[in-house]
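**Q** Mind looking at a prediction? Sequence and model below.
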Amino acid sequence: MRRTRVASADTVAISRIRLQATDALKQRLAQGPVIVQRQGKAVAVLLDPARWQELVDRLEPDAAPRMNSRSRKR
């Protein structure tokens, strides 16, 4: 399995997210992407929805799915 490196991203254990999900996510997402780890290995990257949409638009401007206003407010 190939390892992926992400520059300037914070990491957080999945156990911490389970215990303090709301506060941990708000604080960490305000600082940028968060790499979620399970047993010391990256299993997911959490990203603010607006930032995700910017990346999708940049990568595929014509094919990018648009999030509706309802999903952005969640």
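**A** Cool, got the structure. Source: prediction; values computed, not measured.
**Q** could you pull out the helices for this structure?
**A** Using DSSP state H, the helices of the chain run over residues 14-29, 49-59, 69-72.
**Q** I'd like the ones you listed laid out as a markdown table, including mean pLDDT.
**A** Below are these laid out as a markdown table (pLDDT from 0 to 100):
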| stretch | mean pLDDT |
| --- | --- |
| helix 14-29 | 78 |
| helix 49-59 | 88 |
| helix 69-72 | 51 |
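**Q** I'd like to know which of those helices is closest to residue 41.
**A** Proximity of these to residue 41 was assessed by C-beta to C-beta; the nearest stretch is helix 14-29, lying at 10.3 Å. For glycine as for every other residue, the C-beta is placed from the backbone atoms N, C-alpha and C.
**Q** Report the angle between the closest one and helix 49-59.
**A** Using axes from the mean of the first three to the mean of the last three C-alpha atoms, to 10 degrees, the interaxial angle of helix 14-29 with respect to helix 49-59 works out to 80 degrees.
**Q** For helix 14-29, enumerate the helices and strands it packs against.
**A** Here helix 14-29 touches strand 10-13, strand 34-38, strand 41-46, going by 3 or more C-beta pairs under 8 Å, 6 or more residues apart in numbering; DSSP states H and E.
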